[in-house]
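S.K.: Next come a sequence and a model predicted from it.
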Amino acid sequence: MSVGTIATLALGGMLAVAGPVLAAAPAPVNVTVNLIDACGVQKPAGTVVVKQTADGIELDTNLSGLPPGEHGFHLHEHGSCAPADKDGKPTAGESAGGHYDPAGTKAHKGPDGGGHKGDLPKLQVGADGTAKTTLRVRGLTLADVSGKALVIHEGGDNYSDTPKPLGGGGARIACGVVPPAR
């Protein structure tokens, strides 16, 4: 074998190994988040940029106009922020459905807890009504969140179904639909 042939084979082998490493991550996705109420989608609250990472996703929040304090933050199963009837009355964001739970666990255990995959880290809103932070979520991909809704709840989240179901976050106050993957 000539030196040129060996070099060509070596280069080909390196490219074959490097190929997967050089594969680009999916492009980040911008999600517009709006305040919601029983009448429907209201004024804009900002954006969340969803980025793929090696072990999950990052959610870069740039939100304003929210009540200060801790809020439950979840990925819901349907890509809609519209109201729908619950217990006979229109309810904010009810068309988003329940928390994303592809394994059917029916358990609210928080991120990394083995329950709903849609259980995201709590969202902390400052005294000025803004939330500008990066939240990391292991085990989710951009494909998982595609076409679903990001929902912010009125209250905090204890990552449990007791004493109140779904962490006790209460009413849905803001929502954004993650654009479907192309």
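M.R.: Ah, there it is.

S.K.: all contacts plus neighbour counts: C-alpha atoms, from now on.
M.R.: Fine.

S.K.: tell me, which strand in the chain spans the most residues?
M.R.: When the chain is parsed with DSSP state E, its longest strand is strand 40-52.

S.K.: Counting by contacts, list what that strand packs against.
M.R.: strand 29-37, strand 56-63, helix 142-145 (3 or more C-alpha pairs under 8 Å, 6 or more residues apart in numbering; DSSP states H and E).

S.K.: now could you export just the CA positions of the shortest one as PDB?
M.R.: Taking only C-alpha atoms (Å, rounded to 0.1, in the frame of the first residue of the first chain), the coordinates of helix 142-145 have been written out as PDB:
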ATOM      1  CA  LEU A 142     -36.600  19.600  21.400                       C
ATOM      2  CA  ALA A 143     -38.600  16.900  19.800                       C
ATOM      3  CA  ASP A 144     -40.400  16.200  23.100                       C
ATOM      4  CA  VAL A 145     -41.400  19.800  23.500                       C
END
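
S.K.: which neighbours does the helix or strand just after it have in its sheet, and in what orientation?
M.R.: Toward the C-terminal end, the helix or strand that comes next after helix 142-145 (DSSP states H and E) is strand 149-153. Here strand 149-153 has these sheet partners by DSSP bridges: strand 73-76 (antiparallel), strand 172-177 (antiparallel).

S.K.: what's the distance between residue 86 and residue 75?
M.R.: Residue 86 sits 19 Å away from residue 75, going by C-alpha to C-alpha, to the nearest Å.

S.K.: Residue 33 too?
M.R.: Distance from residue 33 to residue 75, by C-alpha to C-alpha: 13 Å.

S.K.: and what of residue 25?
M.R.: Counting by C-alpha to C-alpha, the gap from residue 25 to residue 75 is 21 Å.

S.K.: And the pLDDT for the residue nearest the centre of the chain?
M.R.: With distances taken as C-alpha atoms, centre = their mean, the residue of the chain nearest its centroid is residue 75 (4.9 Å). pLDDT recorded at residue 75 is 96.

S.K.: residue contacts, the residue lying closest to it once chain neighbours are set aside?
M.R.: Leaving out its chain neighbours, the residue that sits closest to residue 75 by C-alpha to C-alpha, 6 or more residues apart in numbering is residue 118, at 4.3 Å. Residue 118 is in contact with 74-76, 99-101, 111, counting by C-alpha atoms under 8 Å, 6 or more residues apart in numbering.

S.K.: swap the cut-off to 10 Å and go again
M.R.: With contacts defined as C-alpha atoms under 10 Å, 6 or more residues apart in numbering, residue 118 is in contact with 73-77, 98-102, 108, 110-111, 137, 140, 144-145, 148-151.
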